[in-house]
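1. whatever this is, show me its structure:
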Amino acid sequence: MDINATLFGQAITFGIFIWFTMKFVWPPIVQAMQDRERTIADGLEAAKQGQKQLEQAQVEVHAELSKARHKATEIVEMAQKRGDEVIKEAQVKAVDEGQRLLAAAQARMEQEIEAARQTLRAEVVSMAMASAEKLLQTSMDDAKHRELLDRVVGEL
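-> You can find the predicted model right below:
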């Protein structure tokens, strides 16, 4: 194999090609690779930050849920206590109202009993007078009748 000018020409051309590639093509490719590497590193860092924020958010969510459950429990307990108080107040009011109605009924009953006694006394006196008049077979005048009636009512 002979080394001739074509081989030297090809070697020189190849050298120029390598120089041209290293001077003009290689730096943008290296720059693009470095940019891509930086972008990937930034993305990984952002993913790590996002993971940390997610973990922190989950801790905060658990804390807030715990607070909300505690608050809900307190609200339920307060509502239960208020419900018990309302029931007790209603019971007290019902007992008071029952006692008031019972007292009113007893007072009315006493009035009706007294009225019935007065009526019964008057009827008893009238019957006794009628019986006495029949027994005596005499008619009494009105003044004596009233006097006798008042005396019998006073004795009863």
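
2. mind giving me the packing neighbours of the helix or strand hosting Ala122?
-> Assessed by DSSP states H and E, Ala122 sits inside helix 26-136. Judged by 3 or more C-beta pairs under 8 Å, 6 or more residues apart in numbering; DSSP states H and E, the packing partners of helix 26-136 are helix 142-155. Quick note: C-beta positions are derived from backbone N, CA and C, even for glycine.

3. residues making contact with the helix it packs on?
-> 121-122, 125, 128-129, 140 (C-beta atoms under 8 Å, 6 or more residues apart in numbering).

4. got the buried residues for stretch 105-119?
-> The neighbour-count check on stretch 105-119 (16 or more other C-beta atoms under 10 Å) flags nothing as buried.

5. mean confidence score for it?
-> Per-residue pLDDT values over stretch 105-119 give a mean of 90.

6. low pLDDT regions in the protein?
-> Applying pLDDT under 70 to the chain picks out residues 1-2, 134-141, 145, 152, 155-156.

7. which residue is nearest the centroid of the protein?
-> Centrality entry for the chain: nearest residue to the mean C-alpha point is Ala79, 5.9 Å, by C-alpha atoms, centre = their mean.

8. quick one: contacts for it?
-> Here Ala79 is in contact with no residue (C-beta under 8 Å, 6+ apart).

9. just to revisit the earlier point, which PyMOL command selects the buried ones in the contacts of helix 142-155?
-> The PyMOL command for the buried members of the contacts of helix 142-155 (criterion: 16+ other C-beta under 10 Å) is given here:
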select buried, resi 125
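
10. alright, I will stop here.
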